[in-house]
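Colleague: When you get a sec, could you give me coordinates for this:
(chains A and B)
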Protein chains: 2
Amino acid sequence: MAEHEHEHEEITPQSEDFSRWYVDVVRRSDMADYTSIKGCMVIKPYCYALWENVQHLLDRRIKKTGHKNAYFPLFIPESLLKQEAKHVEGFAPEVAWVTHGGQNELEERLAVRPTSEAIICSLYSKWVKSYRDLPLLINQWANVVRWEKVTRLFLRTTEFLWQEGHTVHRTDIEAQEETLKMLEVYKSFAEEDLAIPVIAGEKTARERFAGALQTFAVEALMADGRALQAGTSHNLGQNFSKGFNIKFLDEDQIEKYAWQTSWGVSTRLIGAIIMVHGRETGLFFPPRVAPIQVIAVPILFDKTRSMVLEKLATIVSDLEETIRIESDTRDTYTPGWKFNEWEMKGVPVRLELGPRDIQAEQAVLVRLDTREKIIVPFSQLKSEIPRILTEIQHSLLERARQFVSEHTHRITDYKEFQEVIEQERGFLIAPWCGNPDCEERIKEETRATIRVIPFEDIGHGDCLICGQKKASNVYFARAY
Amino acid sequence: MAEHEHEHEEITPQSEDFSRWYVDVVRRSDMADYTSIKGCMVIKPYCYALWENVQHLLDRRIKKTGHKNAYFPLFIPESLLKQEAKHVEGFAPEVAWVTHGGQNELEERLAVRPTSEAIICSLYSKWVKSYRDLPLLINQWANVVRWEKVTRLFLRTTEFLWQEGHTVHRTDIEAQEETLKMLEVYKSFAEEDLAIPVIAGEKTARERFAGALQTFAVEALMADGRALQAGTSHNLGQNFSKGFNIKFLDEDQIEKYAWQTSWGVSTRLIGAIIMVHGRETGLFFPPRVAPIQVIAVPILFDKTRSMVLEKLATIVSDLEETIRIESDTRDTYTPGWKFNEWEMKGVPVRLELGPRDIQAEQAVLVRLDTREKIIVPFSQLKSEIPRILTEIQHSLLERARQFVSEHTHRITDYKEFQEVIEQERGFLIAPWCGNPDCEERIKEETRATIRVIPFEDIGHGDCLICGQKKASNVYFARAY
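Modeller: Next up, the predicted model:
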């Protein structure tokens, strides 16, 4: 709806200025925009369709692992938020407070949920009575609000959309299994559906969720070499069950505090998709989540115009049951303009149809990742297009894997670390002794943080800062 | 997850006390509950699954009519809300206000959206430039907050979920067409998917949406004879486009104010489903939206136990691609207890499987609306169950139509009106002159309101109050 005003707006090339490229490409492609409310964005239809696909695919995985969706209130009374001490300490500075309802001042102010542990735990304490009620496996799709000082479209906005899982278990072992299972769900979702390779592992105490025992994350690498936390999974231990009195009568007739987890991903993922797959002057969407998988552009001449439009309509209506296809039949633009436009908007495949193609009973498909042209007989479109989309999906993941591997550096000493982080960014695998002071000093001096402590052993060395021997390697990066 | 505590809780029969029945049935079936936040409910998994089905089916209809989904901010600055005078007048008393972000008081307080016309129009005024940008057809699924004094689960809650469509058009004719098209979408959705017959028509000025030119609604009749507004569609005229400066350059090069509509349905519909299809001591869900369409209950004996469970698992996994089927294999309950439990929870069909059924290669299906038993060979389950579900869906609509027809009374004078509204409730078709004073007096004296002025001519008579001749018949009812 806004092409007209943007017709001549240029996109800053990615290689020239990544941040400006990001803002340009998001706005120019009509994905999102800021509003007059500080840090609040509007997710426009083209982008919301992407989010719906993301939601749909992730929701399926969440349900397949036994979770059910529910909906909890937006508001959390201040007293509830305070019931877990570290939790409120972590979130209070970011809370938007409702103080008035209609004309009346409220007796107790209400937090607009920054996350829902407090309200959900207050209900779980009523729902959970017996070991038979466990495990309790619930997920919620919702909006949340965090009063951020510095905001960036999708990556850090005052309001954002997310899913948050909240589960209750009988034992610490079950809770830990759940925490890691959901981390694995996020990992396979990111890699298989979003074509974004991720590193999974544990966060350091410094980066832990407020109130959690352990926080795990999947970390992705953006095209500018900065890392982005793509999803987190927390083992809450008994911190919340003690704060909110979630107890159950176990089979042995002893009353016990329950064990809990929570885990979430958000509209940040949209930022990740843009920054992993974007091209020099445009977007590129993985077919599995692309709002439009195939854009059909007719080549129109006066004489054959109605014949081409008619045939195209037949083709599109035949394909749209199985493929997200749209046709751009606008008169006001040339085919060339449309090619550029939809390429910029990240559609993975273009279908061209002109009068000569109709004579030959074929259409021209163009893979927009490689620009390869593929001539396909009409009769084979229905089988060929899904095959091409799958190929693109795989090759995007391969390309991204290649990028991560080229931008992962094994570092043994601090001087090298400082040079690489400054000049090349990417993931830096380097030894850390486990001391928060060493972690802090690295952050202050290089702006690099420990992204994850990986599960598998990836070698060791002398701690970058204190030199302690046999310190385990961890993943560092500058991050969004 | 909470059956245990409720095991012996009785449900007040519907015929004894409808309001208590409603609360009992909602809580006992684990659909929803109040929380510690005034008027805020939690939608539990069993009910949220119903809402997801409702959403899915309605979303498809909304998209099929050319609308796209988007997401707009939760917060609306007070100054924006004030830009359409009648709108703010109507909504200000119900607004929850955010006054603080983190530790800081905000310069301008923010409304938690009670509806999104203001924020959306402020963006549309930037997006709409030319007649080529029109029509703009956008829908949003979101949570909204209205600070209600008296609340009732689903029907009137402080926070609720809904969809709100907001469209912009070139002409008043197009806007009116859109308004009525969406009313028709709501009507067919209610009747075909929810099996709820509705009366469509226009609202009187008194019941009009704050800021609209005309409001239309679909009205349903609950089993207690009270009406419920099930969906509304507003022709906003140019009220908002003038308030928010939404102008476009028309083909004739003249700048014009745009014409707009908005329309919505909410989680109220869940209340309607419960109150239309509920039975004496339980729920009943129309198959198209039922969270569980078929509940499979094994008849277990020690010797044949594993054989029955195994066969049931095969049957369920074979059916679950096409049908929402679950099996209740819990050891802690008898088949009889399970039959009652799932009947109370509104599942439309039960599948029973015992050792003798396996020998005969058949399962027993029970239609829970009629209690009819149908013996179906294993090989025919896949075709037979969908057929039965469709039949139930149709017969629910027929049953509800019958109820409306039996509870619709043609009234000619006010004394009869007063008697019928007191003793029988239902829809009262009666003549009204169009004067708001007559409407107001009827409301004060009988608590009946004009639900809709129908589109078709349904006769006329002397106005109930002032006696004016040839006053058109309209629909009255006491309403939720």
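Colleague: A:Met222 against A:Met275, yeah?
Modeller: Yes. The pair A:Met222 / A:Met275 is scored as a contact, 3.9 Å apart, by C-beta atoms under 8 Å. Every residue, glycine included, has its C-beta placed from N, CA and C.
Colleague: Now do the contacts for the closest residue to A:Thr171 other than its chain neighbours.
Modeller: Counting by C-beta to C-beta, 6 or more residues apart in numbering or on different chains, A:Thr171 lies nearest to A:Trp259, which is 6.2 Å off, once chain neighbours are set aside. Applying C-beta atoms under 8 Å, 6 or more residues apart in numbering or on different chains to A:Trp259 gives the contacts A:168-172, A:174-175, A:236-238, A:241.
Colleague: Sort out which of these are in strands and list them.
Modeller: Secondary structure assignment by DSSP state E places A:168-169, A:236-237 of these in strands.
Colleague: picking up where we left off before, for B:Leu81, state which of the contacts of A:Trp259 is nearest.
Modeller: Checking the contacts of A:Trp259 against B:Leu81 by C-beta to C-beta gives A:Leu236 as the nearest, at 38.7 Å.
Colleague: quick one: the closest one and A:Ala175, what's the gap?
Modeller: Here A:Leu236 is placed at a distance of 8 Å from A:Ala175 (C-beta to C-beta, to the nearest Å).
Colleague: Ok, A:Ser130 next?
Modeller: For A:Ser130, the distance to A:Ala175 - C-beta to C-beta - is 18 Å.
Colleague: Give me the more crowded residue out of those two.
Modeller: More crowded of A:Ser130 and A:Ala175, by other C-beta atoms under 10 Å in any protein chain shown: A:Ala175, with 26 against 14.
Colleague: Look up the closest residue to that one, ignoring the ones flanking it.
Modeller: A:Trp259 (3.7 Å).
Colleague: Going by distance to B:Arg146, which of the ones in strands among the contacts of A:Trp259 wins?
Modeller: Lowest distance from B:Arg146 to those (C-beta to C-beta) belongs to A:Val168, with 31.9 Å.
Colleague: wait, isn't the closest one in contact with A:Lys129?
Modeller: No. Contact criterion C-beta under 8 Å: A:Val168 and A:Lys129 do not qualify, at 11.4 Å.
Colleague: Which one of these two is surrounded by more residues?
Modeller: Comparing A:Val168 with A:Lys129 by neighbour count (other C-beta under 10 Å), the higher total belongs to A:Val168, at 29 against 17.
Colleague: Check that one and give its pLDDT.
Modeller: At A:Val168, the model reports a pLDDT of 98.
Colleague: Leaving out chain neighbours, which residue sits closest to it?
Modeller: In space, A:Val168 is closest to A:Leu136, 4.1 Å off (C-beta to C-beta, 6+ apart).
Colleague: Now the one you found: phi and psi?
Modeller: Listed backbone geometry of A:Leu136 is phi -110, psi 120, with angles given as degrees, to the nearest 10.
Colleague: quick one: it from A:His67, how far?
Modeller: A:Leu136 sits 10 Å away from A:His67 when distances are taken as C-beta to C-beta.
Colleague: And for A:Gln238?
Modeller: Distance from A:Gln238 to A:His67, by C-beta to C-beta: 21 Å.
Colleague: Output the longest helix belonging to chain A.
Modeller: helix A:381-406 (DSSP state H).
Colleague: Just say helix, strand or coil for the residue of the stretch 201-350 of chain A found nearest chain B.
Modeller: Here the residue of the stretch 201-350 of chain A nearest chain B is A:Thr332; by C-beta to the nearest C-beta that distance is 7.3 Å. Three-state call for A:Thr332 (DSSP: H, G, I helix; E, B strand; the rest coil): coil.
Colleague: Contact partners for it?
Modeller: B:Arg132.
Colleague: what about A:Ile315, how many residues close to it?
Modeller: A:Ile315 has 19 neighbours, counted by other C-beta under 10 Å.
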